[in-house]
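Chemist: Give me a 3D structure for the following:
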Amino acid sequence: MTFAFVTPPAFASVSPWDEPRREPIDNINYYDCSNKPDGNYKNPNDVTRFIMCNDGRAADVPCANCTQDDSRCSGSEYLYWDDSKKVCEYPIYVL
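Modeler: A predicted model of the protein is given here:
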């Protein structure tokens with residue numbers, strides 16, 4: 001069996017997840033996870049990021065990019081953290 005890799009044409013649309021992403025920041029000191037169970041929490045500084053606690057350590061993690069031509073993005077470049085669902089969500093769905 002032979003496999004061929006096909007390069008997409010120049011006019012092919014690019015998914016927002018193909019674009020460069022903001023990187024997570026490990027071992028932050030502006031959020032205290034020492035007495036919290038492992039899990040994800042609301043970022044106190046940025047609705048487009050969330051805090052991940054693991055073994056008492058905190059990391060600042062970005063939500064994915066938001067497609068600008070999608071009306072659910074409401075003009076935001078990124079998805080928003082929805083603390084009630086504990087997921088990154090389209091901005092129009094986050095209260």
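Chemist: List the beta-bridge partners for the closest residue in space to N43 that isn't next to it in sequence.
Modeler: Distances taken as Cβ to Cβ, 6 or more residues apart in numbering put R49 closest to N43, at 4.5 Å, once the chain neighbours are dropped. (Each C-beta comes from the backbone N, C-alpha and C, glycine too.) Note on R49: beta-bridge partners by DSSP bridges are P62.
Chemist: Let's check: the centremost residue of this protein is which one?
Modeler: Centroid-nearest residue in the chain, with Cα atoms, centre = their mean: C63, separated by 1.2 Å.
Chemist: Isn't that one up against D82?
Modeler: No - applying Cβ atoms under 8 Å as the test, C63 and D82 come out as separate, 9.5 Å apart.
Chemist: Now do stretch 56-73, average pLDDT.
Modeler: If you average the pLDDT over stretch 56-73, you get 92.
Chemist: pull the CA atoms of it into CSV?
Modeler: Only the C-alpha atoms of stretch 56-73 are listed here, as CSV (Å, rounded to 0.1, in the frame of the first residue of the first chain):
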residue,chain,number,x,y,z
GLY,A,56,-0.3,22.1,44.5
ARG,A,57,1.3,23.8,41.5
ALA,A,58,-0.4,26.3,39.3
ALA,A,59,-0.2,26.8,35.5
ASP,A,60,-1.9,29.5,33.5
VAL,A,61,-3.4,27.9,30.4
PRO,A,62,-4.9,29.6,27.3
CYS,A,63,-8.2,28.8,25.7
ALA,A,64,-8.2,28.0,22.0
ASN,A,65,-8.4,30.6,19.2
CYS,A,66,-11.8,31.7,18.1
THR,A,67,-12.7,31.9,14.4
GLN,A,68,-13.2,35.5,13.6
ASP,A,69,-15.9,34.9,11.0
ASP,A,70,-18.0,32.9,13.5
SER,A,71,-20.7,35.1,15.1
ARG,A,72,-20.4,33.1,18.3
CYS,A,73,-17.0,34.7,18.9
